[in-house]
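> Just the structure for this:
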Amino acid sequence: MSGSGKVVVPRQETGGYQIPSLGYRILVAALRLIPAFFLLVALPVAALTFVDSRGIALPISVFAVEGWGFLLLGLGTAQYISKPTRAYGPLMVVTSLLGLLYLFYALTLSPYRFVIPGGSASISAGYSMFLELVMIVPAIGIIVGLLITAEDARAPKERLPFDFPA
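Have a look, this model is predicted:
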């Protein structure tokens with residue numbers, strides 16, 4: 001009871017959700033592309049081009065970095081845009097699987113042997129343990145994507161109040 005003698009009923013949670021418009025999701029996905037492009041494509045390509053211009057053998061081709069990077073960017077953007085749909089889980093699985101394959105490809109290139117140009121000395125750098133640890137992230141993404149896919153098949157709109165609260 002309140003001070004005026006009226007009974008106050010607490011407001012119940014309705015479990016509602018508010019999905020952003022497709023245009024808004026596309027805008028946000030495009031804005032997310034900017035830093036992702038620099039991290040996945042521009043900086044690695046610039047570093048590899050710089051190293052190549054100094055006459056040092058590249059550990060991975062520039063074409064491979066661009067290809068994998070653009071594939072991951074495209075799938076990641078599609079995944080973000082499709083978040084309120086049933087396609088979100090499968091796209092998460094595919095994106096994470098592609099990321100895992102990219103890291104596995106980089107793992108096959110370890111150790112990298114750096115040969116000093118014009119000399120006979122070389123330095124070898126192994127980074128396989130680091131990549132194996134990083135591979136945990138897309139592996140978890142695959143599991144989460146499978147769980148989201150199963151959840152969306154069982155109850156299609158159940159996760160929307162958590163992803164897009166009103």
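> Just list the residues touching the residue lying closest to Leu160 once chain neighbours are set aside, thanks.
Nearest non-adjacent residue to Leu160, counting by Cβ to Cβ, 6 or more residues apart in numbering: Tyr17, 4.3 Å away. Glycine gets a C-beta too; all of them are placed from N, C-alpha and C. Going by Cβ atoms under 8 Å, 6 or more residues apart in numbering, Tyr17 touches 157, 160-161, 163-166.
> who does Tyr17 bridge with?
Pro165 (DSSP bridges).
> Chain neighbours aside, what residue packs nearest to the residue nearest in space to the middle of the chain?
Nearest to the geometric centre of the chain sits Gly76, at 5.8 Å (Cα atoms, centre = their mean). Distance criterion Cβ to Cβ, 6+ apart; nearest residue to Gly76, sequence neighbours excluded, is Thr95 at 5.7 Å.
> element containing the one you found, please.
Taking DSSP states H and E as the criterion, Thr95 maps to helix 88-108.
> any idea which helix or strand comes after that helix?
In N-to-C order, the element after helix 88-108 by DSSP H and E is strand 112-115.
> Residues contacting that following strand from elsewhere in the structure, which ones?
56-57, 59, 121-127.
> Closest one to Tyr88 out of those residues, please.
Tyr127 (32.4 Å; Cβ to Cβ).
> Correct me if wrong: the closest one contacts Leu133.
No - counting by Cβ atoms under 8 Å, Tyr127 stays clear of Leu133, with 10.4 Å between them.
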